[in-house]
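# Pasting a predicted model and its sequence here:
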Amino acid sequence: MKTGTQKFLNTFLPLSLVLTILGWGGLFLVLRATVPTLGPRWLFFFLGVIALTGPALPIVYFLNKRFPSDPPVEGMVILRQAMWVGVFGSTVAWLQLGRVLTPVMALILAGVFALIEFLLRLFERSRWNPNR
């Protein structure tokens, strides 16, 4: 078996399954068993981040392996990029609750998150030393 596939199976697949099950199971319980007061509403957003981060992990891993970068990505970068998906989804849900979400605002928000990630990767690249 290839080392990349083995790393994915050992590291990211269990994490992805746990996050997905906890996130979507928790969202189901929050939606079915609570009243939308302040506590369950914040729990909804927290579980939304977890529920969207879980399925995004394999996708982000595949995209980073398909389009390699210099320096090569590490595990925490893949996790951070997957978490951006969850944060974006929860932010969009929060904006929709206030009835202020528009398609243009969602695109701007996605662009801002992509710009933040680009700048973080640029910072990592500037500090990368291949001799370490």
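Looks like it came in fine.

# Pretty sure Thr91 sits against Leu109.
Yes: using C-beta atoms under 8 Å, Thr91 makes contact with Leu109 at a distance of 6.3 Å. All C-beta spots, glycine's among them, are computed from the backbone N, C-alpha and C.

# Between these two, which contacts overlap?
Residues touching both Thr91 and Leu109 (C-beta atoms under 8 Å, 6 or more residues apart in numbering): none.

# got the buried residues for stretch 113-131?
Neighbour-count burial for stretch 113-131, counted by 16 or more other C-beta atoms under 10 Å, picks out Phe113, Arg121.

# residues making contact with it?
Stretch 113-131 is contacted from outside by Ser69, Asp70, Pro71, Val77, Arg80, Gln81, Trp84, Val87, Phe88, using C-beta under 8 Å, 6+ apart.

# Report the distance from the longest helix along the chain to the chain centre.
Determined from DSSP state H, the single longest helix within the chain is helix 38-66. Centre-to-centre, helix 38-66 and its host chain are 5 Å apart (C-alpha atoms, centre = their mean, to the nearest Å).

# cool, stretch 77-87 as well?
Counting by C-alpha atoms, centre = their mean, stretch 77-87 is centred 3 Å from the centre of its parent chain.

# Low-confidence regions, the chain specifically.
Applying pLDDT under 70 to the chain picks out residues 1-5, 128, 132.

# who touches the closest residue in space to Ser16 that isn't next to it in sequence in this structure?
Of all residues beyond its chain neighbours, the one nearest Ser16 is Leu57 (4.1 Å), with distances taken as C-beta to C-beta, 6 or more residues apart in numbering. Neighbour list for Leu57: Phe12, Leu15, Ser16, Leu19, Ile78, Leu79, Ala82 [criterion: C-beta under 8 Å, 6+ apart].

# Identify each buried residue in stretch 64-76, please.
Quick answer for stretch 64-76 (16+ other C-beta under 10 Å): Asn64, Val73.
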